[in-house]
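Participant: predicted model and sequence below, questions to follow.
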Amino acid sequence: MKLCMIGTGYVGLVSGVCFSDLGNDVICVDWDLKKVGYLKKGIIPIYEPCLAELVLKNYKNTRLKFSTDLKDSILKSDIIFICVGTPTKKNGNGADLSQIFNVAKEIRRSISKFKIIITKSTVPVTTGDEIEKIISRKVSKKLFSVVSNPEFLREGEAIRDFTYPDRVVIGTNDKKSNKILKNLYSPLVSKGAKYVNTSRRAAELIKYASNAFLATKITFINELANLCEKIDVNIEDISIGMGLDKRIGGRFLRAGPAYGGSCFPKDTKAIATSADKFKTNLSVIKSVINSNENRSSLLLKRIFEILNGKVKNKNICFLGVTFKANTDDMRDSSCLTMIPSLINKGAVINYFDPTGEKNIFKNIKNVSFSKSINSAIKDSDLIIIHTEWNDFKSINFKKFVQNKKFKIFDLRNIYSSAKMKEQKIKYFAIGC
Ligand SMILES: NC(=O)c1ccc[n+]([C@@H]2O[C@H](COP(=O)([O-])OP(=O)(O)OC[C@H]3O[C@@H](n4cnc5c(N)ncnc54)[C@H](O)[C@@H]3O)[C@@H](O)[C@H]2O)c1
């Protein structure tokens, strides 16, 4: 099939390359000239395991193309996937849909034969209705069908998640589009993915509901961790004991910092705001948002306690700054709140991240990047394990930290408190 992915970010690039690997002709379009220029040279602008190899393979066999020409790419394709960003509005909590609606206006200029137009971007319920309205102002409804096909991949596991999804959700009542899309996704369905055909509005809501539920699970266990810290109970025991119940499940039930990333923070706000528009109060989700927004302040308070209230001139090392491991994505990472607060209190921050130095911290006084774990931890008074990279799981702290009174605050509960005690390391973890 001939596909066009509009927006070549995490979702557009990963799903585009995976579709091409399944034998489709795919054009990945982006208006970012620099990004497309890099991709044409085989340089991958994001960090995602195994992505580079797959891009190169499919670019070489010409099933995968990159372009900045939206009109031409749409004309050449039968199925158009909209994969542009839907960030939080600058003034408010709702989703900013300007990128989506701009693309809809572009698409309507280039429809001369039947096209399926798919929103893969995460969009509030009824956005598909709006897109249909925009396009039908210039194009007969017989020439297009607007379908919702939300994407559930996770950064860091994106190729695997796209190729082996739990489910493929297709929101359309149009039989012809459903048949074509069932065929497109048949290689994934034959490997075990469930194919779920719903109304367009239901598909839109399934995506937000799923993300809001996962964010709720994380926030639930984070709050229980706060309680555990006061009653000498280990939160890891609670996670295991609860998670073994198949009705609950152990995933997304590990306490840690505030949830971050490009999806959960914005999607929880967007679903709550769009429900308000329909005069429905999603109070559980609103309290999750509130609790998560307070989480970094609570952790900062704990850092002050660990340092006995003396933060000024303390060397604090962050191991990992991205919101989770195996990605270079800094969007809404909790350290974007924590590092500036610590700097304001006079701390000196040094960090190491396996995906390299971050532009956002360049030129900030008293924040520096180290090129290795050992050089990052060397002069630390406090080491904060912020992101759960495998690289951080077996560090010989005693050998490499020069200040023998150093402390560790492990936000991911990677290490065993007992073993740290044996080594006489002052070790603090979440929820214990
Ligand atoms: N990142 C994830 O893990 C993930 C997972 C599932 C769903 N989603 C959803 O998918 C959507 C995209 O997310 P992302 O993380 O890939 O975003 P992104 O910011 O990484 O990529 C979006 C791309 O769209 C391009 N773009 C914007 N307007 C354009 C236009 N008019 N023409 C051509 N290109 C244009 C931008 O230049 C950018 O490269 C969002 O709605 C997001 O919520 C993201």
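Facilitator: Yep, it's here. Residues are numbered from 1 along each chain as shown.
Participant: alongside the ligand, which residues does the stretch 201-350 of the chain contribute?
Facilitator: Residues of the stretch 201-350 of the chain lying near the ligand by CB under 6 Å from any ligand atom: 262, 263. No exception for glycine: its C-beta is placed from N, CA and C like everyone else's.
Participant: just want the residue of the stretch 201-350 of the chain that's nearest the ligand.
Facilitator: Closest residue of the stretch 201-350 of the chain to the ligand, CB to the nearest ligand atom: residue 262 (4.5 Å).
Participant: does that residue belong to a helix, a strand or coil?
Facilitator: Following DSSP: H, G, I helix; E, B strand; the rest coil, we place residue 262 in the coil state.
Participant: and for residue 169?
Facilitator: Following three-state DSSP, we place residue 169 in the strand state.
Participant: what about it, neighbour count?
Facilitator: 21 (other CB atoms under 10 Å).
Participant: from residue 186, how far out is it?
Facilitator: 15 Å (CB to CB, to the nearest Å).
Participant: in the stretch 1-150 of the chain, what residue comes closest to the ligand?
Facilitator: residue 9 (1.9 Å).
Participant: need the strands for the stretch 51-200 of the chain, in chain order.
Facilitator: According to DSSP state E, counting those that start in this stretch, the stretch 51-200 of the chain carries its strands in the segments 64-67, 79-82, 115-119, 144-148, 167-171, 194-198.
Participant: please report how far residue 31 lies from residue 70.
Facilitator: From residue 31 over to residue 70 (counting by CB to CB), the distance is 7 Å.
Participant: of these two, which one has the most company?
Facilitator: Neighbour count, other CB under 10 Å: between residue 31 and residue 70, residue 70 has more, with 20 against 17.
Participant: surely that one touches residue 29?
Facilitator: Yes - the pair residue 70 and residue 29 qualifies as a contact (CB atoms under 8 Å) at a distance of 5.4 Å.
Participant: joint contacts of these two?
Facilitator: residue 6 (CB atoms under 8 Å, 6 or more residues apart in numbering).
Participant: thinking again about what came up before, quick one: the strands of the stretch 51-200 of the chain as JSON lines, columns for mean pLDDT and distance to the ligand too.
Facilitator: JSON lines is the format used below for the strands of the stretch 51-200 of the chain (pLDDT from 0 to 100; distance: least, CB to the nearest ligand atom, whole Å):
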{"stretch": "strand 64-67", "mean pLDDT": "98", "distance to the ligand": "10"}
{"stretch": "strand 79-82", "mean pLDDT": "98", "distance to the ligand": "9"}
{"stretch": "strand 115-119", "mean pLDDT": "98", "distance to the ligand": "8"}
{"stretch": "strand 144-148", "mean pLDDT": "98", "distance to the ligand": "12"}
{"stretch": "strand 167-171", "mean pLDDT": "98", "distance to the ligand": "12"}
{"stretch": "strand 194-198", "mean pLDDT": "98", "distance to the ligand": "16"}
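Participant: to residue 154, which of those strands lies closest?
Facilitator: strand 167-171 (14.3 Å; CB to CB).
Participant: send me that closest one as CSV with only the CA atoms.
Facilitator: C-alpha atoms of strand 167-171 as CSV (Å, rounded to 0.1, in the frame of the first residue of the first chain):
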residue,chain,number,x,y,z
ARG,A,167,-4.2,-4.3,20.1
VAL,A,168,-4.8,-2.2,17.0
VAL,A,169,-7.7,0.2,17.4
ILE,A,170,-9.5,1.4,14.3
GLY,A,171,-12.2,3.9,14.8
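Participant: how about the secondary structure of residue 220?
Facilitator: Residue 220 - assigned by three-state DSSP - is helix.
Participant: how many residues are close by it?
Facilitator: Counted with other CB under 10 Å, the neighbours of residue 220 add up to 16.
Participant: ok so, going back, just put the strands of the stretch 51-200 of the chain in JSON lines and tack on distance to residue 98.
Facilitator: Below are the strands of the stretch 51-200 of the chain laid out as JSON lines (distance: least, CB to CB, whole Å):
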{"stretch": "strand 64-67", "distance to residue 98": "22"}
{"stretch": "strand 79-82", "distance to residue 98": "13"}
{"stretch": "strand 115-119", "distance to residue 98": "14"}
{"stretch": "strand 144-148", "distance to residue 98": "18"}
{"stretch": "strand 167-171", "distance to residue 98": "22"}
{"stretch": "strand 194-198", "distance to residue 98": "27"}
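Participant: could you list the buried residues of stretch 33-53?
Facilitator: Residues of stretch 33-53 classed as buried: 35, 36, 39, 44, 45, 46, 47, 48, 51 (neighbour count, 16 or more other CB atoms under 10 Å).
Participant: one more: stretch 223-242?
Facilitator: Buried residues in stretch 223-242 (16+ other CB under 10 Å): 223, 224, 225, 226, 228, 229, 234, 235, 236, 238, 239, 242.
Participant: what do you get for stretch 422-432?
Facilitator: 425, 427, 428, 429, 430, 431, 432.
Participant: try stretch 197-216
Facilitator: 197-198, 200-201, 203-212, 214-216.
Participant: can you list contacts of stretch 277-290?
Facilitator: Contacts for stretch 277-290 (CB under 8 Å, 6+ apart): 212, 215, 216, 219, 265, 268, 269, 271, 272, 275.
Participant: next, the third one: phi, psi?
Facilitator: Main-chain dihedrals, residue 216, degrees, to the nearest 10: phi -70, psi -40.
Participant: next one: it from residue 273, what distance?
Facilitator: From residue 216 to residue 273 the distance is 17 Å (CB to CB).
Participant: same question, the first one
Facilitator: When CB to CB is applied, the distance between residue 212 and residue 273 equals 12 Å.
Participant: so what's residue 257 up against?
Facilitator: Applying CB under 8 Å, 6+ apart, the residues contacting residue 257 are 295, 296, 299, 334, 335, 338, 386, 411.
Participant: then residue 332?
Facilitator: Residue 332 neighbours (CB under 8 Å, 6+ apart): 260, 261, 262, 264, 265, 266, 323.
Participant: neighbour-wise, which of the residues you listed leads?
Facilitator: Going by other CB under 10 Å, residue 323 tops those with 27 neighbours.
Participant: how much space separates it from residue 19?
Facilitator: Residue 323 is 27 Å from residue 19, by CB to CB.
Participant: who are the contact partners of residue 275?
Facilitator: Contacts of residue 275 (CB under 8 Å, 6+ apart): 281, 282.
Participant: pull the CA atoms of stretch 244-253 into CSV?
Facilitator: What follows is stretch 244-253, C-alpha atoms only, in CSV (Å, rounded to 0.1, in the frame of the first residue of the first chain):
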residue,chain,number,x,y,z
LEU,A,244,0.6,-10.5,41.6
ASP,A,245,-3.2,-10.2,41.6
LYS,A,246,-4.0,-10.7,37.9
ARG,A,247,-6.9,-8.2,38.2
ILE,A,248,-4.3,-5.5,39.1
GLY,A,249,-1.1,-6.5,37.4
GLY,A,250,2.4,-5.4,38.4
ARG,A,251,3.2,-3.1,35.5
PHE,A,252,3.1,0.7,36.1
LEU,A,253,3.0,-0.1,39.8
